[in-house]
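Participant: Following is a predicted model, sequence given first.
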Amino acid sequence: MRDSNINQTIDDSLAAYEEVSFRAHAAGLRVRGYLSTAFGCPYEGDVPPEKVADVAARLIDLGVFEVAVSDTIGIAHPGQVPRVLEAVLARVPVNQIALHFHDTRGTALANVLASLPFGVQTFDASAGGLGGCPYAPGAAGNLATDDLIYMLDGLGLETGVSLAALSEATRFIGSKIDHPLPSRYAQSLQI
């Protein structure tokens, strides 16, 4: 099976990644691993949670400090997130797991909510929801940091991020692009 993004098998990719990880560690750098299309692949369809857990554990064995289990095409749903996390957390400690959600179908925040009971505390996000996956037709932007912080603040969870300062940064970014930002929070403020 080949990864269509990098034109390698998973085993080939991990072999190459081992060399990168070794060199980074030798240079005193920490390495974070990304496990893309962990909730579904545009080319292969469903991804078994056990396979996600296996690759996540292999990345940890390569010395990464954290694995970002990623929904790079935005098809994950809150019913699926617990199944994937249960499999992954059986093999990798929760403090070495991050989640990366895209908001293609509007479920990124719901997916974060579904993961909070598992103790996950690290989520990738981008100001205003910028970003996307160029390899997956129709894949939308990343989870908007401002939407995430607004929700976490509302839940009473301390993030250390100022929503006001973040909104200012999002407003600046929004003024530099030629389309509206996907962030619902930014839209509510007409950024």
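Facilitator: Arrived safely, thanks for sending.
Participant: Give the rounded mean pLDDT of the longest helix belonging to the chain.
Facilitator: In the chain, with assignment by DSSP state H, the single longest helix is helix 10-26. For helix 10-26, the mean pLDDT works out to 91.
Participant: Flag every buried residue along it.
Facilitator: The neighbour-count check on helix 10-26 (16 or more other C-beta atoms under 10 Å) flags 10, 13-14, 17, 21 as buried. Placement of C-beta: from N, CA and C, glycine included.
Participant: ok, which stretches of the chain are strands?
Facilitator: 2-3, 8-9, 32-35, 66-71, 97-101, 123-124 (DSSP state E).
Participant: Format those strands as a markdown table; extra columns: mean neighbour count and distance to residue 43.
Facilitator: A markdown table is the format used below for these (neighbours: other C-beta atoms under 10 Å; distance: least, C-beta to C-beta, whole Å):
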| stretch | mean neighbour count | distance to residue 43 |
| --- | --- | --- |
| strand 2-3 | 15 | 9 |
| strand 8-9 | 14 | 13 |
| strand 32-35 | 19 | 16 |
| strand 66-71 | 24 | 15 |
| strand 97-101 | 24 | 19 |
| strand 123-124 | 19 | 22 |
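Participant: picking that back up, for the buried residues of helix 10-26, which one is nearest residue 51?
Facilitator: Among those, residue 10 lies closest to residue 51 (C-beta to C-beta), at 8.7 Å.
Participant: ok, the closest one to residue 168 distance?
Facilitator: From residue 10 across to residue 168, the span is 41 Å (C-beta to C-beta, to the nearest Å).
Participant: can you tell me which residues contact the residue most central in space within the chain?
Facilitator: When C-alpha atoms, centre = their mean is applied to the chain, the residue found nearest the centroid is residue 100 (0.8 Å). Shown in contact with residue 100 (C-beta atoms under 8 Å, 6 or more residues apart in numbering): 34, 68-72, 123-124, 142-143.
Participant: run the last query once more with 10 Å
Facilitator: With contact taken as C-beta atoms under 10 Å, 6 or more residues apart in numbering, residue 100 is in contact with 34-36, 38, 68-72, 76, 108, 122-125, 142-143.
Participant: In this protein, where is pLDDT below threshold?
Facilitator: In the predicted model of the chain, residues 1-7, 132-140, 191 satisfy pLDDT under 70.
Participant: tell me the helices in the chain, going along the chain?
Facilitator: Under DSSP H, the chain gives helices at 10-26, 49-61, 81-89, 108-115, 145-154, 163-175, 184-188.
Participant: nearest to residue 43, of those?
Facilitator: Using C-beta to C-beta, the helices of the chain put helix 10-26 closest to residue 43, at 13.1 Å.
Participant: Show me what the closest one is packed against.
Facilitator: If contacts are counted by 3 or more C-beta pairs under 10 Å, 6 or more residues apart in numbering; DSSP states H and E, helix 10-26 sits against strand 2-3, strand 8-9, strand 32-35, helix 49-61.
Participant: 8 Å - rerun?
Facilitator: Helix 10-26 sits against helix 49-61, with contacts defined as 3 or more C-beta pairs under 8 Å, 6 or more residues apart in numbering; DSSP states H and E.
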